[in-house]
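1. kindly generate the corresponding structure for this input.
(3 chains)
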Amino acid sequence: MVQITAAEIFQSIEEIRQKAPVVHNITNYVVMNNTANALLAIGASPVMAHAEEEVEEMVNIASALVINIGTLSERWVYSMFKAMRQAKKNGIPVILDPVGAGATSYRTWTVRELINEESPTIIRGNASEIMAVYDDKAKTKGVDSSSSSDNAISIAQKISEKYNCVVCVSGATDYVIEGRKILKVGNGHPLMTRVTGLGCTASALCGAFAAVENNYCTATAKAMAVMGIVGEIAAQNARGPGSLQLLFLDALHMLSDADIKKYLKME
Amino acid sequence: MVQITAAEIFQSIEEIRQKAPVVHNITNYVVMNNTANALLAIGASPVMAHAEEEVEEMVNIASALVINIGTLSERWVYSMFKAMRQAKKNGIPVILDPVGAGATSYRTWTVRELINEESPTIIRGNASEIMAVYDDKAKTKGVDSSSSSDNAISIAQKISEKYNCVVCVSGATDYVIEGRKILKVGNGHPLMTRVTGLGCTASALCGAFAAVENNYCTATAKAMAVMGIVGEIAAQNARGPGSLQLLFLDALHMLSDADIKKYLKME
Amino acid sequence: MVQITAAEIFQSIEEIRQKAPVVHNITNYVVMNNTANALLAIGASPVMAHAEEEVEEMVNIASALVINIGTLSERWVYSMFKAMRQAKKNGIPVILDPVGAGATSYRTWTVRELINEESPTIIRGNASEIMAVYDDKAKTKGVDSSSSSDNAISIAQKISEKYNCVVCVSGATDYVIEGRKILKVGNGHPLMTRVTGLGCTASALCGAFAAVENNYCTATAKAMAVMGIVGEIAAQNARGPGSLQLLFLDALHMLSDADIKKYLKME
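-> Down below sits the predicted model:
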C-alpha cells in the first residue's frame, strides 16, 4: 500500500514555490479568477489562454495543462482538443475536469471525445460526473454530485484501466484511483461545497503538483490533501462562504509542514 | 394591499435551502462568480451554460432561468432566445436583467426583442434600464441608474400590463410592480452600489425565490427584501466595498428569521 | 524635473469621485470583476462591452477606453480595433495593457498591430511585455515579468517616441516614460504579485486618472502611485493574497490625502 507522508507533500509544495511552474488553464468563466489566485497562492504561474491561434504555443511554455468544461462552446472545445494534443506531444500532464458531465449531452459528448482522442493524465470530478464519463445511466443534478461514491469508484477503476490515467472521485472522501490502486483522502469541510469552483481549484492544483512530480497518482493525492487541509484551516475562522473563499487563499499561501502534519487524513 | 411578513420570507428561504432548486443563468462575465456564490449562499444550485448546443437541455433540469445581458454578443443572444423559449415551454419562471439597456442600441434592441418574443416572468433593472426597455427617450449613463424613479414606475406599470409580467425597479427603494399593484422595499445600503454586480445578484435571487413560489410578484419582493437586508447586515461590519462583498455572502448564508424580522422594511 | 505632490494626486481622486467618469473596458475574463470593483472603489463608472455591435456606441459615452489582451480571441481583437478607432476619433485616452505579449506570437502580433494602427495614449505592462511590444528577442514566462527593467526602460523610451505615447514599465519600481522624461514610483508590496490581475487593475486606474487629467504622463504616474500606496496599506493587515484583494478595495475606497502624503514615493 502506498503511503504519502506530510513531509513528502510539503516537499512538493516547496518545489512548486521554487520552480513556479507555468500551469496553462482552459477553464470556465465562473472560476477563472479563483483558479488563477489559487495557483498563485501555492506558488505556481497560471496562464489562461483559449484562442486556437495561441493555445499550442502557450502549451509549449507550460509544465501542465488543465482543461475544464464548465462553460463550453464550440471554439473553446476546438481549442481544448488542440491544446491537449500539443500537451501530449510535449509530454506534459493533462488534467481534465468534466464539470457538469451528465447534465447535458453536449457536455457528456465533449468530455468523452476529449478522453477518447487525447487521453488525459488525470481526470478529477465528483461522483456523478465521473460516472457520466463512462455510463449513460448516470444522471447529474447540475454540477453538484448526487450519485453514490461506491458506483463511481468501480467506474473510475474502469476508466483508469481503459485510458491508462489517474481518476479522482472527489467528495466528502476523495478517492484517487490508478488501476487497482486506491488512495483515500479524508480532508475537507462541508462549507467548501457552498463556494463555487473549489472543485475547479482542486483540478488546477492537480496541475501544479503534476508539474513537479512524475508519479501522477501521488501528485493527485497530494493536491487533494492540500485542498482539504487548507479548506479545514480556512473553515476554522470562516463565518460563511464569503470569508471561506478569502481564508482559503490566505491559508494556501501560508501552508506549512506543521499544518499538513497536523491535519493530514490519508490512507 | 399585499402584506408580506418576515415569517413568509424566511419560509421561502427554508424551502430554497431544502429543495436546492437549479437556477440556470446565462449572464455576464463580470458577475458570474458572484452570482453563483450568492445562489449557493442562499441554498440554491446554480448552473451557468450558454452554448446553443446545451441551453435547452440545461433549462430542462432547471427550476428557473435568469437572463442577464451585461456582456452581450451574437451567439449568446441566440442562446438567450433559445433558453427562454424552452423555459416558457416548460413553464418555469424567466427573470430578465436588462443591464445597460439604453446605453447602446444593441442592448436596447436585444432586450426589447427578448421581451417581445419570449415575454419573461420578471424583469428587474434600475430606473433608467427599465425606462429604456419601453421608451426611446430614456438615457442610460453606463450601467448605473440616473433617471428618476417616478417616471420609471409608470413605465414599469405599462410594461407589466403589456407583457403580463412582474417588473422590479430597483434603487434606494425597490418597487415591485404587477399591473396596478406596487410593493415597496426600503432595505439596502449605499455601499452596495460600490460593489459590481449586486443588481445581477438580485436578479439571480429572484430566480431562486421564483423557483419555489408561484406568486412571482411576492417572490420578487421577497428576493429584493433579502438582498437589502443582507446588504444592511453586511454593511455594519464592512470597511469598504471589498469587505462588503465577502460579508454579504456570509450574511446571506446565515440569514435567520430574527434578522429578517429586525430589518424588514416593506409596504 | 516633474514633481507630483500628494495633494495633486488626491485632487485627481476627488475629481474622479465627483465626475464618476465612465471607463469602458475590453478586458480579459480573469480580471473583469476585480477591474470593475477597483474602478467603483476609486469612484469611476466601469462599463464592460466587447460586442462589435456596440463597442463604438459604448465608447461614445466613455471618458476613457482600456484595452487588455489577457484572454484574446478573434472577435474580441476585431472589437478592440473598432473601439480604439472610435476612441481616437472622440479624442478620449486609450490605455493598452499587453498582457502576456511575448508569450505567444498571437499576442505579440495583436499588440503590435493595435499600436501600429491605433496608437494608444498609454501602454502599461511589465518589463518583458513592454520589451515584446518592440523587440523580437524579448521572452516572456507566461504573464509574469522576468526581464530586467533596464533594457525595458530604453525600449519604453523608443516606443514612447515612435508612437507618441506614455509607456509605463511596472515592477518593484514603476517607470512612467514619455520621450526622455521618466517618473519613478517606488510604492507597492511584494504580496501584490500573488494576486491575479492587479496589473490589469493598474491599467484600469490609469484610465480613470486619464479621464480627468489631460497630462497623460502625470495621470499614469498618479495611478501607479495610488496602486502602490493602496497595496502597501492593504498589505499591512493582509494575512495572504486572499485578504490582500479584499483590503485593497477597502483601502482604495477610503484613500485619504493623509494616506497619500504618508506613503508616496515618487521621483
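
2. contacts and neighbour counts: CA atoms only from here.
-> Noted.

3. ranges for the helices of chain A?
-> Assigned by DSSP state H, the helices in chain A fall at A:6-19, A:32-42, A:55-60, A:74-90, A:105-117, A:127-134, A:149-163, A:198-212, A:216-237, A:241-254, A:257-263.

4. from the contact counts, what lies against the second one?
-> Translated: helix A:32-42. Other elements packing on helix A:32-42 under the criterion 3 or more Cα pairs under 8 Å, 6 or more residues apart in numbering or on different chains; DSSP states H and E are helix A:6-19, strand A:45-48, helix A:198-212, helix A:241-254.

5. pull the residues that contact that helix.
-> By Cα atoms under 8 Å, 6 or more residues apart in numbering or on different chains, the residues outside helix A:32-42 that reach it are A:13, A:16-17, A:23, A:45-48, A:197, A:200-201, A:204-205, A:208, A:249-250, A:252-253, C:29-31, C:194-196, C:241.

6. do the same with the longest one
-> Counting contacts by Cα under 8 Å, 6+ apart, the residues outside helix A:216-237 that touch it are A:4, A:9, A:121-122, A:166, A:168, A:174, A:176-178, A:183-189, A:191-192, A:202, A:205-206, A:209-210, A:213, A:244, A:247-248, A:251-252, A:255, A:259-260, A:263-266.

7. kindly recompute the last result at 7 Å.
-> A:9, A:166, A:176, A:178, A:183, A:185, A:187-189, A:192, A:202, A:205-206, A:209-210, A:213, A:244, A:247-248, A:251-252, A:260, A:263-264 (Cα atoms under 7 Å, 6 or more residues apart in numbering or on different chains).

8. wait, what's in contact with the closest residue to residue A:129 other than its chain neighbours?
-> Among residues not flanking residue A:129 along the chain, residue A:101 sits closest, at 4.9 Å (Cα to Cα, 6 or more residues apart in numbering or on different chains). The contact partners of residue A:101, by Cα under 7 Å, 6+ apart, come to A:107, A:108, A:129, A:132, A:133.

9. tell me, how many neighbours does the last one end up with?
-> Residue A:133 is flanked by 25 other residues according to other Cα atoms under 10 Å in any protein chain shown.

10. give the contact list for it.
-> Going by Cα under 7 Å, 6+ apart, residue A:133 touches A:101, A:108, A:111, A:112.

11. kindly recompute the last result at 6 Å.
-> Listed by Cα atoms under 6 Å, 6 or more residues apart in numbering or on different chains, the contact set of residue A:133 reads residue A:112.

12. also residue A:267?
-> By Cα under 6 Å, 6+ apart, residue A:267 lies in contact with A:183, A:184.

13. give me every residue in the stretch 101-250 of chain A lying close to chain B.
-> Residues of the stretch 101-250 of chain A lying near chain B by Cα under 6 Å from any Cα of the partner chain: A:104, A:106, A:194, A:195, A:196, A:240, A:241, A:242, A:243.

14. number of nearby residues for the fifth one?
-> Right, the one you point to is residue A:196. 25.

15. phi and psi next, for it.
-> The phi and psi values for residue A:196, taken as degrees, to the nearest 10, are phi -70, psi 140.

16. residues in contact with it?
-> By Cα under 6 Å, 6+ apart, residue A:196 lies in contact with residue B:37.

17. circling back to that earlier point, report pLDDT for the residue nearest to residue A:129.
-> Per-residue pLDDT puts residue A:101 at 96.

18. that one pairs with what?
-> Residue A:101 has the following beta-bridge partners by DSSP bridges: residue A:104.

19. measure it to residue A:72 for me?
-> With distances taken as Cα to Cα, to the nearest Å, residue A:101 is found 11 Å from residue A:72.

20. do residue A:54 as well
-> Using Cα to Cα, residue A:54 is found at 18 Å from residue A:72.

21. same question, residue A:5
-> Distance of residue A:5 to residue A:72, given as Cα to Cα: 38 Å.

22. looking at these two, which one has more neighbours?
-> Taking neighbours as other Cα under 10 Å, residue A:5 and residue A:72 compare with residue A:72 leading, 23 against 14.

23. phi first, then psi, for that one.
-> The phi/psi pair for residue A:72 (degrees, to the nearest 10) reads phi -70, psi 150.

24. chain neighbours aside, what residue packs nearest to it?
-> Nearest to residue A:72 is residue B:51, by Cα to Cα, 6+ apart, at 6.3 Å.

25. okay but that neighbour is in contact with residue A:71, surely?
-> No. Applying Cα atoms under 6 Å as the test, residue B:51 and residue A:71 come out as separate, 7.8 Å apart.

26. ok, the contacts of residue A:101 vs residue C:82, which is closest?
-> Nearest to residue C:82 out of the contacts of residue A:101 is residue A:107 (Cα to Cα; 34.1 Å).

27. leaving out chain neighbours, which residue sits closest to the closest one?
-> For residue A:107, the spatially nearest residue (Cα to Cα, 6+ apart) is residue A:101, at 5.1 Å.

28. now the residue most central in space within chain A: how far from residue A:222?
-> For chain A, the residue whose C-alpha lies nearest the mean C-alpha position (Cα atoms, centre = their mean) is residue A:203; its distance is 1.4 Å. Using Cα to Cα, we find residue A:203 at a distance of 12 Å from residue A:222.

29. cool, residue A:177 as well?
-> 13 Å.

30. show me which residues of the stretch 51-200 of chain A are close to chain C?
-> Counting by Cα under 6 Å from any Cα, the residues of the stretch 51-200 of chain A near chain C are A:51, A:54, A:57.

31. and with 8 Å instead?
-> With the criterion set to Cα under 8 Å from any Cα of the partner chain, the stretch 51-200 of chain A comes near chain C through A:51, A:52, A:53, A:54, A:57, A:58, A:61.

32. compare those and tell me which is most surrounded.
-> Neighbour-wise, those (other Cα under 10 Å) top out at residue A:58, 27 neighbours.

33. OK, contacts around it?
-> Per Cα under 8 Å, 6+ apart, neighbours of residue A:58: A:24, A:49, C:103, C:104, C:142.

34. can you check residue A:24 too?
-> A:46, A:47, A:48, A:49, A:58, A:59, A:62, A:63, A:64, A:65, A:66.

35. near residue A:19, how many other residues are there?
-> Neighbours of residue A:19 (other Cα under 10 Å): 14.

36. that one and residue A:26, how far apart?
-> According to Cα to Cα, residue A:19 and residue A:26 sit 22 Å apart.

37. and if you look at residue A:6?
-> Relative to residue A:26, and taking Cα to Cα, residue A:6 is found at 30 Å.

38. cool, residue A:126 as well?
-> As judged by Cα to Cα, residue A:126 and residue A:26 stand 19 Å apart.

39. settle it for me: which of these two has more neighbours?
-> A direct count of neighbours by other Cα under 10 Å for residue A:126 and residue A:26 places residue A:126 higher, at 29 against 25.

40. the more buried one and residue A:170 touch, don't they?
-> Yes. Counting by Cα atoms under 8 Å, residue A:126 does reach residue A:170; the two are 4.8 Å apart.

41. residues touching the closest residue to residue A:240 other than its chain neighbours, list them.
-> The shortest distance from residue A:240 to any non-neighbouring residue, by Cα to Cα, 6+ apart, is to residue B:250 (4.1 Å). By Cα under 8 Å, 6+ apart, the contact set of residue B:250 is A:239, A:240, A:241, A:242, A:243, B:41.

42. how about low-confidence regions in chain A?
-> A:1-2, A:135-148 (pLDDT under 70).

43. wait, residue A:171 touches residue A:124, no?
-> No. Between residue A:171 and residue A:124 there is no contact under Cα under 8 Å: 10.7 Å.
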